[in-house]
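**Student:** Take this sequence and fold it.
(4 chains)
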There are 2 protein chains.
Amino acid sequence: MSAAERSSDPERLVRLLWEPRGRPARGPKPGLTLDRIVRAAIEITDAKGFDALSMRGVAQRLGVGTSTLYSYVPGKAELYALMLDTVAGWSSHPHTLPGDWRARYAAWAREDWADFRQHPWVLRLRAEVTLPGPNMMAWLDSALRVLDGTGLTEHEKLATVGAVDGFVRRAAQDAVEAPQGGQGDSSGPVTDVVAVLAGWVDPARYPRVVRAIEEGVDLASDARFEFGLQRLLDGIEAFIVARAASSPAPPHRDP
Amino acid sequence: MSAAERSSDPERLVRLLWEPRGRPARGPKPGLTLDRIVRAAIEITDAKGFDALSMRGVAQRLGVGTSTLYSYVPGKAELYALMLDTVAGWSSHPHTLPGDWRARYAAWAREDWADFRQHPWVLRLRAEVTLPGPNMMAWLDSALRVLDGTGLTEHEKLATVGAVDGFVRRAAQDAVEAPQGGQGDSSGPVTDVVAVLAGWVDPARYPRVVRAIEEGVDLASDARFEFGLQRLLDGIEAFIVARAASSPAPPHRDP
DNA sequence: AAGAAATAGCGAACATCGTTCGAGGTTATT
DNA sequence: AATAACCTCGAACGATGTTCGCTATTTCTT
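**Tutor:** Sure thing, here's the model as predicted:
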């Protein structure tokens, strides 16, 4: 059973994520901080990949014994949660971006699209962490705020945020898995796999996939990303416009 | 470094996924089959969760020594790939569903939406496996086939498939992480986390999130899923219609 | 000032995991 | 019969996350 699955103490994780961290009343001065640990973990993961992150590695980077970390973090699952909330803090809040809701969502999506490709391990993290931290929550609140005055219900707003975010993540995952990644480097194990694969796959069985490949689809291209994004935003905008036409739309509600 | 990250021999994985498996020329009769191993792994994962899957567990379930598995599978990463392609075989091919492209995509999305919630570990698998198998490829070919005659380019078709799939995955992940999951059971560690969380989060800092919660949003509700799905399909349909209007649309191309 | 309490640091150990090795047994070809 | 190819598997290797017990340090209590 891996670290990310253990249930552990939920309250401790919540406190760790949400409680302002202060110096304890007694005992020796801590030589480390939670932030330094999380930062070291992120640096390692950025440099060597998600699977290269280990508690021993983090400790070594910080020049402490491995077990020292456990005075600060209950376990690796909690470290994951802290890492994820930290990177959530990097994203700019959608409601501070310029333009109307559509421009703001598009800008947010493009920013995430770039970030995910630069830090692919965030995609892995999100698959393992379930508890949101303060930064994630603040970001979500901002994303919902962008939809103020659109006439959408709260349910619809949340569904909208999820739809856009889901699209971005899937597109980024495709791009990360893509053989070339648009970087011009055609060597490496991934490309090898595709090359070997090409020898085994029967073109007659998958004519449309083969045709797409022949036409040179690039899973990591911005054009592909933009197409999906615009279609999605089109659908949302059409709904907002249609609803506004069918009922008066107050710019702000007051009960 | 975890099993899923090792590069290993790409060709061996490709052969394992793609080559029809026949009895070897000499040597004793194999007591196992790849299918039995994969099936056992899926059963364990279904019953005890993704992180409870271990090579030792699979061997034990099959009544063999652990190292025996390595005559059939190079490693756990390859087992993951085989598991994923096996579940990909469960999905019905979109082009065999009734209706036009929109009805077919909606039906596929709903099917996946149900499957992902019943087998949440598939979401974890997809985050780790990058090489597609024959079933996945056949499914993709079918999904592209549904868009025949829509006037979309190959790039656009692929982007469309990815957009819908991304939406479904994100919605399913939300649903899986949701505290109640619509099952009426409000105990368990996840709910504990939310309960504890409620005590720490400051409503004033996240007014819109709090309001959504107060209005009783259910991340696992079908209504939420349908809303996002329909908006996305709306956007795609509008694009198809607009393009058809601007240029003659041959039902089939021929060069 | 002195003792108690609480915490930090950490080496060593534990349990588990994926994986490899090598010996011994089985089957089909030569 | 001899050989080559393969299967099986106990034992071991290396790595991981985590716990334990001890010492040292700082602060609170008296």
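**Student:** Please name the nearest non-neighbouring residue to A:G133.
**Tutor:** Using C-beta to C-beta, 6 or more residues apart in numbering or on different chains and skipping the chain neighbours, the partner closest in space to A:G133 is A:D85 (2.8 Å). Every residue, glycine included, has its C-beta placed from N, CA and C.
**Student:** So that neighbour is in contact with A:W139, correct?
**Tutor:** No - using C-beta atoms under 8 Å, A:D85 makes no contact with A:W139, being 9.8 Å away.
**Student:** any idea which helix or strand carries A:R169?
**Tutor:** Using DSSP states H and E, A:R169 maps to helix A:154-177.
**Student:** so that helix versus helix B:154-177, what angle?
**Tutor:** Interaxial angle of helix A:154-177 relative to helix B:154-177 (axes from the mean of the first three to the mean of the last three C-alpha atoms, to 10 degrees): 120 degrees.
**Student:** Does helix A:154-177 reach chain B?
**Tutor:** Yes - shown here: helix A:154-177 in contact with chain B (C-beta under 8 Å from any C-beta of the partner chain) through A:154-160, A:162-163, A:165-171, A:173-174, A:177.
**Student:** Which neighbouring elements make contact with that helix?
**Tutor:** Contacts defined by 3 or more C-beta pairs under 8 Å, 6 or more residues apart in numbering or on different chains; DSSP states H and E place helix A:154-177 against helix A:101-118, helix A:121-128, helix A:134-146, helix A:222-246, helix B:154-177, helix B:207-214, helix B:222-246.
**Student:** which one of those is the most hemmed in?
**Tutor:** Per-stretch averages of neighbours, counted by mean count of other C-beta atoms under 10 Å in any protein chain shown, single out helix B:154-177 among the helices and strands packed on helix A:154-177, with a mean of 23.
**Student:** ok, A:R211 - contacts?
**Tutor:** By C-beta atoms under 8 Å, 6 or more residues apart in numbering or on different chains, the contact list for A:R211 reads B:E154.
**Student:** quick one on the thing from earlier: any idea how many residues pack against the residue nearest to A:G133?
**Tutor:** Counted with other C-beta atoms under 10 Å in any protein chain shown, residues neighbouring A:D85 total 23.
**Student:** The one 4 residues further on too?
**Tutor:** Number of residues near A:G89 (other C-beta under 10 Å) recorded here: 13.
**Student:** and the gap between it and chain B?
**Tutor:** Distance of A:G89 to chain B, computed by C-beta to the nearest C-beta, to the nearest Å: 14 Å.
**Student:** how about the residues of the stretch 1-150 of chain A near DNA strand D?
**Tutor:** With C-beta under 7 Å from any atom of the strand as the criterion, the stretch 1-150 of chain A comes near DNA strand D at residues A:3, A:6, A:25-29, A:53-57, A:66-67, A:70, A:74-77.
**Student:** Mind checking which of those are buried?
**Tutor:** Among those, the ones that count as buried by 16 or more other C-beta atoms under 10 Å in any protein chain shown are A:53, A:55, A:57, A:74-77.
**Student:** Narrow those residues to those in helices?
**Tutor:** The members of these that map onto helices under DSSP state H are A:55, A:57, A:76-77.
**Student:** Save those as a markdown table, and put in pLDDT too.
**Tutor:** A markdown table is the format used below for these (pLDDT from 0 to 100):
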| residue | pLDDT |
| --- | --- |
| A:M55 | 98 |
| A:G57 | 97 |
| A:K76 | 96 |
| A:A77 | 94 |
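**Student:** Take those residues and write them to TSV, including distance to DNA strand C.
**Tutor:** Putting those into TSV (distance: C-beta to the nearest atom of the strand, whole Å) gives the following:
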residue	distance to DNA strand C
A:M55	10
A:G57	14
A:K76	13
A:A77	15
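**Student:** can you put the residues you listed in TSV and add distance to A:V14?
**Tutor:** Formatted as TSV, those follow (distance: C-beta to C-beta, whole Å):
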residue	distance to A:V14
A:M55	21
A:G57	26
A:K76	17
A:A77	13
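**Student:** Just flag the most distant two among those.
**Tutor:** A:G57 and A:A77 (16.5 Å; C-beta to C-beta).
**Student:** What residues does the stretch 1-150 of chain A have near DNA strand C?
**Tutor:** Selection of the stretch 1-150 of chain A residues close to DNA strand C by C-beta under 7 Å from any atom of the strand yields A:1, A:24-32, A:64-68, A:70-72.
**Student:** and the helices and strands packed on helix A:154-177, which one's lowest on average pLDDT?
**Tutor:** Note on those: helix B:207-214 shows the lowest mean pLDDT, a mean of 88.
**Student:** For A:A127, give its distance to DNA strand D.
**Tutor:** Here the criterion is C-beta to the nearest atom of the strand, to the nearest Å. By it, A:A127 lies 16 Å from DNA strand D.
**Student:** which residues touch the nearest residue in space to that residue that is not next to it in sequence?
**Tutor:** Of all residues not flanking A:A127 in the chain, B:A127 sits nearest, at 4.2 Å (C-beta to C-beta, 6+ apart). Shown in contact with B:A127 (C-beta under 8 Å, 6+ apart): A:123-124, A:127, A:173.
**Student:** give the contact list for A:G65.
**Tutor:** A:A59.
**Student:** Please report phi then psi for it.
**Tutor:** Phi and psi for A:G65, reported as degrees, to the nearest 10, are phi -70, psi 150.
**Student:** Next: A:L152.
**Tutor:** phi -70, psi 150.
**Student:** wait, isn't it in contact with A:A163?
**Tutor:** No - between A:L152 and A:A163 there is no contact, the gap being 12.0 Å when judged by C-beta under 8 Å.
**Student:** Run through the residues of the stretch 151-255 of chain A sitting next to DNA strand C.
**Tutor:** The stretch 151-255 of chain A comes close to DNA strand C at no residue, as judged by C-beta under 7 Å from any atom of the strand.
**Student:** so where's the stretch 1-150 of chain A shaky on pLDDT?
**Tutor:** Applying pLDDT under 70 to the stretch 1-150 of chain A flags the ranges A:1-10, A:20, A:23-24.
**Student:** Smallest distance to DNA strand D belongs to which residue of it?
**Tutor:** Distances between the stretch 1-150 of chain A and DNA strand D by C-beta to the nearest atom of the strand are smallest at A:G75, namely 2.9 Å.
**Student:** Go ahead and measure how far stretch A:131-143 is from the middle of the chain.
**Tutor:** 12 Å (C-alpha atoms, centre = their mean, to the nearest Å).
**Student:** contacting residues around it?
**Tutor:** Here stretch A:131-143 has contacts from A:10, A:13-14, A:17-18, A:81-82, A:84-86, A:88-89, A:91, A:93-96, A:108, A:161, B:193, B:197, B:201, B:205-209, using C-beta under 8 Å, 6+ apart.
**Student:** go on, stretch A:166-177?
**Tutor:** Counting by C-beta under 8 Å, 6+ apart, A:109, A:112-113, A:116-117, A:120, A:123, A:126, A:181, A:190, A:219-220, A:224-225, A:228-229, A:232, B:127, B:130, B:162-163, B:165-171, B:228, B:232 sit against stretch A:166-177.
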